[in-house]
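J.: here is my input; please provide its structure:
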Amino acid sequence: MSVLFPKVPKPREWDYRPIYFDPEKEARKDKRLARLRHGAFREQHEKNMTELRKKKNSKLLLWLALLGALSILLYFFL
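T.: All right, here's what the predicted structure looks like:
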């Protein structure tokens, strides 16, 4: 270490960048935070599974109705 010229750290520079309000960015941030709350993944999975069950049941009902209509048509025309 030098006696005549001691090492003195430079003062920190002031770097100011103003923060502007961006509604889209705030909405994305809120959406992400809402997804990360406790139990959100489980709730979303259960919601997806119920939707899949509803779709499956509606498709099954449609196919049963078509099969019934086809069997009635075959019975009367053959």
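J.: output the longest helix belonging to the protein.
T.: Identified as the longest helix of the chain according to DSSP state H is helix 40-77.
J.: and it, average pLDDT?
T.: Mean pLDDT, helix 40-77: 93.
J.: point to the residue nearest the middle of the protein.
T.: The chain has R35 as the residue nearest its centroid, 6.8 Å off, counting by CA atoms, centre = their mean.
J.: ok, it to E51 distance?
T.: Computed as CB to CB, to the nearest Å, the R35 to E51 distance reads 18 Å. From N, CA and C alone the C-beta is placed, and that goes for glycine too.
J.: try L73
T.: 33 Å.
J.: follow-up on the earlier one: now the longest helix of the chain: how far from the chain's centre is it?
T.: Taking CA atoms, centre = their mean, to the nearest Å, one finds helix 40-77 lying 26 Å from the centre of the chain it belongs to.
J.: pull out the buried positions in that helix.
T.: Residues of helix 40-77 include none that count as buried (16 or more other CB atoms under 10 Å).
J.: which strands or helices does it pack on?
T.: If contacts are counted by 3 or more CB pairs under 8 Å, 6 or more residues apart in numbering; DSSP states H and E, helix 40-77 sits against no helix or strand.
J.: quick one: residues contacting the residue nearest to the centre of the chain.
T.: By CB atoms under 8 Å, 6 or more residues apart in numbering, the contact list for R35 reads Q44.
J.: phi, psi for it please.
T.: Per-residue torsions, R35: phi -70, psi -30 (degrees, to the nearest 10).
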